[in-house]
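Visitor: I need the structure of the sequence given here:
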Amino acid sequence: MNNAPRKSSLQQQIDENLKRVYEETLKEEVPDRFVQLLEQLKAKEREK
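Guide: Numbering: from 1, shown residues only. Reported below is the predicted structural model:
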């Protein structure tokens with residue numbers, strides 16, 4: 001028996017939209033500027 005309260009339609013819609021936006025964000029490529037900065041940081045770490 002499941003005693004958890006059922007989500008309202010609005011709550012379900014919000015959950016679905018947040019999941020969709022999160023999934024879309026994960027698929028986005030990292031901007032070139034960030035990649036360059038990460039490469040610079042790695043190079044500095046190798047110098048140590």
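
Visitor: can you classify residue 30 by secondary structure?
Guide: What DSSP: H, G, I helix; E, B strand; the rest coil gives for residue 30 is coil.

Visitor: where does this protein have low pLDDT?
Guide: The chain contains residues with pLDDT under 70 at 1-4.

Visitor: what do you get if the cut-off is 80, keeping everything else the same?
Guide: Where the chain drops to pLDDT under 80, the residues are 1-6.

Visitor: in it, spot the helix with the most residues.
Guide: Looking across the chain with DSSP state H, the single longest helix is helix 9-27.

Visitor: could you say what helices and strands the next helix or strand along the chain from it packs with?
Guide: Following helix 9-27 in sequence order, the next helix or strand is helix 32-47 (DSSP states H and E). On a contact count with 3 or more C-beta pairs under 8 Å, 6 or more residues apart in numbering; DSSP states H and E, helix 32-47 meets no helix or strand. To be clear about C-beta, it is placed using only N, CA and C from the backbone, and glycine gets the same treatment.

Visitor: contacts for helix 32-47, please.
Guide: Outside helix 32-47, no residue is within contact range by C-beta atoms under 8 Å, 6 or more residues apart in numbering.

Visitor: just the CA coordinates of it, formatted as CSV?
Guide: Extracted in CSV, the C-alpha atoms of helix 32-47 (Å, rounded to 0.1, in the frame of the first residue of the first chain):
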residue,chain,number,x,y,z
ASP,A,32,34.8,27.2,-26.3
ARG,A,33,36.0,29.9,-23.8
PHE,A,34,35.4,27.4,-20.9
VAL,A,35,37.4,24.7,-22.8
GLN,A,36,40.2,27.1,-23.3
LEU,A,37,40.2,28.1,-19.6
LEU,A,38,40.3,24.4,-18.6
GLU,A,39,43.2,23.7,-20.9
GLN,A,40,45.1,26.7,-19.4
LEU,A,41,44.4,25.4,-15.8
LYS,A,42,45.6,21.9,-16.8
ALA,A,43,48.8,23.3,-18.3
LYS,A,44,49.5,25.2,-15.1
GLU,A,45,49.0,22.1,-13.1
ARG,A,46,51.5,20.2,-15.3
GLU,A,47,54.1,22.9,-14.7
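
Visitor: no further queries at this time; thank you.
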